[in-house]
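Novice: Model the structure of this input:
(one chain, ligands or ions: 2)
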Amino acid sequence: MLIAQITDLHLGATNGDPRESNESRLDRVLARLTSMRPRPDLLLLTGDLTENGSSSAYAALAERLAALDFPALLAVGNHDRRAAFRTHFPHVPVDGDFIHYVHDAGPLRIVVLDSLEEGRHGGSFCDRRAAWLKRRLDEAPDRPTIIVLHHPPIESGIGWMTIAPHAPWVTRLDEVLAGRSNVVAMLSGHLHRPMVSSWGGTIIAACPSTAPPLALELAPIDPAHPDGRPLVTADPPAYALHLWTGTRLLTHFETLGEHVPVARFDAQMQPVIDWLVNQPAGD
Ligand SMILES: [Fe+2]
Ligand SMILES: [Fe+2]
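Specialist: Ligands and ions are numbered 1, 2, ... in the order given. Model (predicted):
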């Protein structure tokens, strides 16, 4: 099973380069996903779907997703607004205020969480959401399960875009997931960069964004003193592909940058490829 993931679309935002809107960056990624072989079986969208929760931005996304020939699962992020989201995605399950739900994806169980607190940049995971997640995980303690959410509950090392590792919402989430060896991965967005970490007995992978990514700047930042460092770059949009092998989830990250081949599988390379593929298993 092949699961594609895109995140942080920020539709409705204007970038520094007016020739490249977030809509066109998204379209480039969707064109790649719909033309690739093998085709994805499923698409995850992990929040910050819009820049400011505008109805027109959700409408633009709904139109694009309706044209796909594989299903899409949506999570909300801190830039989203639930009321407008629900208007344009009435088929997405809700639970009272929260947009969280379980999706059966063949061999996998996918649990989509809602880490949004409207008006707040960071994540949120209240007692009600924790109780819901516990109930849903208790339903199938042995099924391989993926947790999908916008905010990764980990520090990023990027000083202006990180999460307090001992925040109450992080601890609450950690407590629900403790000891659940069937949770094979947590897949998130929010960072606008690819990042992988161990956390809570599983791994967490943050997907790079389709909107402009964050600069990789790990030096401590003093919010009182601008130092001219890059914050956001014009690098190409990106996405993740998660391949479920039956026992593990393999995650690849890819950009829409120009991938110029320096070697191809042609007659010259055929002996090399043949040798590589037919290596005996190591002792
Ligand atoms: Fe974002
Ligand atoms: Fe975010």
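Novice: for the residue of the chain found nearest ligand 2, what are its contacts?
Specialist: The nearest approach of the chain to ligand 2 comes at His190, 3.8 Å away (CB to the ion). All C-beta spots, glycine's among them, are computed from the backbone N, C-alpha and C. Applying CB atoms under 8 Å, 6 or more residues apart in numbering to His190 gives the contacts 7-8, 46-48, 77-78, 123, 150-152, 206.
Novice: Please pick the buried ones from those.
Specialist: 7-8, 46-48, 77-78, 123, 150-152, 206 (16 or more other CB atoms under 10 Å).
Novice: As TSV, the residues you listed with secondary structure would be great.
Specialist: Below are the buried ones among the contacts of His190 laid out as TSV (DSSP: H, G, I helix; E, B strand; the rest coil):
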residue	secondary structure
Thr7	coil
Asp8	coil
Thr46	strand
Gly47	coil
Asp48	coil
Gly77	coil
Asn78	coil
Gly123	coil
His150	coil
His151	coil
Pro152	coil
Ala206	strand
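Novice: Out of those, which are close to ligand 2?
Specialist: 48, 77-78 (CB under 5 Å from the ion).
Novice: what does the stretch 1-150 of the chain put close to ligand 2?
Specialist: Proximity of the stretch 1-150 of the chain to ligand 2 (CB under 5 Å from the ion) is limited to residues 48, 77-78.
Novice: Dump those residues to a markdown table, plus pLDDT and distance to Thr247.
Specialist: Shown next, in a markdown table, are those (pLDDT from 0 to 100; distance: CB to CB, whole Å):
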| residue | pLDDT | distance to Thr247 |
| --- | --- | --- |
| Asp48 | 98 | 32 |
| Gly77 | 98 | 31 |
| Asn78 | 98 | 34 |
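Novice: And the strands in the stretch 101-250 of the chain?
Specialist: Assignment of strands within the stretch 101-250 of the chain using DSSP state E, counting those that start in this stretch yields the ranges 101-105, 108-112, 145-148, 183-188, 195-199, 202-206, 238-244, 249-255.
Novice: Throw those into TSV and include mean pLDDT, thanks.
Specialist: Formatted as TSV, the strands of the stretch 101-250 of the chain follow (pLDDT from 0 to 100):
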stretch	mean pLDDT
strand 101-105	97
strand 108-112	98
strand 145-148	98
strand 183-188	98
strand 195-199	97
strand 202-206	97
strand 238-244	98
strand 249-255	98
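Novice: okay if I get those strands as TSV plus distance to Ser54?
Specialist: Shown next, in TSV, are the strands of the stretch 101-250 of the chain (distance: least, CB to CB, whole Å):
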stretch	distance to Ser54
strand 101-105	24
strand 108-112	22
strand 145-148	24
strand 183-188	23
strand 195-199	28
strand 202-206	25
strand 238-244	23
strand 249-255	27
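Novice: which one of the ones you listed lies closest to Asn15?
Specialist: strand 238-244 (15.2 Å; CB to CB).
Novice: which parts of the closest one are buried?
Specialist: 238-242, 244.
Novice: same check, this time on stretch 125-143
Specialist: Those would be 125, 129-130, 132-133, 136-137, for stretch 125-143 by 16+ other CB under 10 Å.
Novice: again, but for stretch 99-115
Specialist: Buried-residue list, stretch 99-115, by 16+ other CB under 10 Å: 99-103, 105, 108-115.
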